[in-house]
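Colleague: with the input below, show me the fold.
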Amino acid sequence: MNDPILETIISLSPIGIIALLAYLLKNVDFNEVYLLFVEADNIYFLLAFSSYTLGILLFNLRTVYSIGAVAKTGYWFNLKATLAGNFVNTITPGAQLGGDPVRAYFIGEKYKKSKTKIF
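Modeller: Below is the predicted model:
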């Protein structure tokens, strides 16, 4: 990296992210959030967490079988790639436009396959 503008942007990115988070969270009453969590019925949290986790595990199983003709991925590596894709889907706007290419990139890099075939 010899571009000083790019180096400046990269070095200031964490400061910008922290400032944005501080701006977004300045009006949150964390005592009220805590009370809501304490008063909530824990069975609903357990059900929500379990159903979301089961959905990710089943999606991963489907993905392993669907890309099996292109690359023989292992279940656990594919789960890591799927979780990375879900993270990118969560932090980016849009209807799952970022996570699937990330997953295809990770799988394509590890197994030296075409990312477009995996995607």
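Colleague: looking at stretch 81-99 now, give me its mean pLDDT.
Modeller: In this model, stretch 81-99 carries a mean pLDDT of 77.
Colleague: for that stretch, which outside residues touch it?
Modeller: Identification of contacts with stretch 81-99 by Cβ atoms under 8 Å, 6 or more residues apart in numbering yields Ile56, Phe59, Asn60, Thr63, Thr73, Asp100, Val102, Arg103, Phe106, Ile107. Just so you know, the C-beta spots here come from the backbone N, C-alpha and C atoms, and that holds for glycine as well.
Colleague: please redo it, this time with the cut-off set to 6 Å
Modeller: The contact list for stretch 81-99 (Cβ atoms under 6 Å, 6 or more residues apart in numbering) reads Asn60, Val102, Arg103, Phe106, Ile107.
Colleague: any chance of a markdown table for those residues, columns pLDDT, neighbour count and secondary structure?
Modeller: Formatted as a markdown table, the contacts of stretch 81-99 follow (pLDDT from 0 to 100; neighbours: other Cβ atoms under 10 Å; DSSP: H, G, I helix; E, B strand; the rest coil):
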| residue | pLDDT | neighbour count | secondary structure |
| --- | --- | --- | --- |
| Asn60 | 88 | 20 | helix |
| Val102 | 77 | 18 | helix |
| Arg103 | 77 | 26 | helix |
| Phe106 | 75 | 20 | helix |
| Ile107 | 78 | 24 | helix |
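Colleague: look up phi and psi at the one residue sitting closest to the centre of the chain.
Modeller: Centroid check for the chain by Cα atoms, centre = their mean gives Phe87 as the closest residue, at 0.8 Å. Phi and psi for Phe87, reported as degrees, to the nearest 10, are phi -60, psi -50.
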